[in-house]
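Trainee: need a 3D model of the sequence below.
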Amino acid sequence: MRSRGGYGAPDGLFPLFVALHVAFPVGLVTEFAMAGARPGTNWPIWLVLWFVGEGLRLSSMHALGDRWSARVFVVPGEPRVRRGLYRFFAHPNYLGVVLEMAALPLLFGAWRTALVAAIANGVLLTFRIRAEDRVLLAAERASIDPGRRSE
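Mentor: The predicted structure is shown next:
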């Protein structure tokens, strides 16, 4: 993306996402091993939701192609991706991650991990989506007026 004039947007949240994604499996294993979490009778529902989340994530990555990145990255002058799931909504990858982070712990009966991860992820995603949309809009405007890179 850099070879096409792309740039990474300032993303002070990235270390927090990394911390959450490291703490998530630790919390899941800890709750299972030490708090007695065990799969309940609804485990098939959580398994299906986890697969749906994984499907959303993988489909999003496929639709974005070489524009997929774990960081907020834009290429001025290139239009926003509107293929695949992006035809229907703006952030299918994030929806997939939300489903995965809720469903996987609930699959094993680890409701505490699901609750903490959902809240933390929701807060982080709220700020990340706002920042990402702002940067993408600025990049789209720059493609209309090549003299402007961002606001």
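Trainee: does Phe108 really touch Thr30, like I thought?
Mentor: No. Contact between Phe108 and Thr30 fails when scored by Cβ atoms under 8 Å: they sit 11.5 Å apart. C-beta: built from backbone N, CA, C; applies to glycine.
Trainee: out of these two, which sits in the busier spot?
Mentor: Phe108 (19 against 15; other Cβ atoms under 10 Å).
Trainee: let me know the pLDDT of the more buried one.
Mentor: For Phe108, the model assigns a pLDDT of 96.
Trainee: what do you get for Arg149?
Mentor: 43.
Trainee: repeat for Pro10
Mentor: Taking Pro10 on its own, its pLDDT is 78.
Trainee: ok, it - how many residues close by?
Mentor: 10.
Trainee: cool, Leu95 as well?
Mentor: 18.
Trainee: packing partners of the lowest-mean-pLDDT helix or strand in the chain?
Mentor: Using mean pLDDT, DSSP states H and E, the weakest-scoring helix or strand in the chain turns out to be strand 7-8, at a mean of 80. Helices and strands touching strand 7-8, as assessed by 3 or more Cβ pairs under 8 Å, 6 or more residues apart in numbering; DSSP states H and E, comprise strand 73-74.
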